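S.K.: I would like to see how this sequence folds:
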Amino acid sequence: MAGDHCARIRPATAGLVLCVEPDDDMREVCSDVLRDARYEVVAVATFAATSEALASRAPDVVLTDLHLADGVGCALVARIRGCVGRRRVRIVAMSGHCSRRAIEATIAAGCDAFLSKPFDRDDLLACAAREMAASRAKGNAD
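M.R.: Here you go, the predicted model:
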């Protein structure tokens, strides 16, 4: 049979997303939605686990809650920026604290975008696609 000699070809992923979310249910839902859209996902819950994940492989996009049990805000963003070297990773803050001042402070701290919680599947996928495209455009410019 002709099919016996055909190798299975796995479609390429849409890119690597590091999802940093302390809430187990939210982390699982975000990961499942992104994986269903062909993103490769590494999901972690803590500042320490974020550092470990970054040491093994630089993601294209980081989606992160900034309020973790073992680290917050600017320190997390600085750690992410420091771990990826020259390569420009896109960082998206996810938070329910979405006043104009909070969003501006998050962007000033080094995040590229802000995703207000609660968000739905379409919001998450649109944000991931937009930031992945920006990451790849930056990567091609380097």
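S.K.: When you work out contacts or count neighbours from here on, use the C-alpha atoms and nothing else.
M.R.: Will do.
S.K.: Assign residue 42 to helix, strand or coil.
M.R.: strand (DSSP: H, G, I helix; E, B strand; the rest coil).
S.K.: correct me, but it touches residue 21?
M.R.: No - with contact defined as CA atoms under 8 Å, residue 42 does not reach residue 21; the gap is 10.9 Å.
S.K.: who has more neighbours, those two?
M.R.: residue 21 (25 against 18; other CA atoms under 10 Å).
S.K.: what's the burial count for residue 97?
M.R.: Neighbours around residue 97, by other CA under 10 Å: 11.
S.K.: got it, and residue 15?
M.R.: Neighbours of residue 15 (other CA under 10 Å): 18.
S.K.: Next up, the contacts around the closest residue to it other than its chain neighbours.
M.R.: Take residue 15 and drop its neighbours on the chain: the residue closest to it by CA to CA, 6 or more residues apart in numbering is residue 39, 5.3 Å away. Contacts for residue 39 (CA atoms under 8 Å, 6 or more residues apart in numbering) come out as 13, 14, 15, 16, 17.
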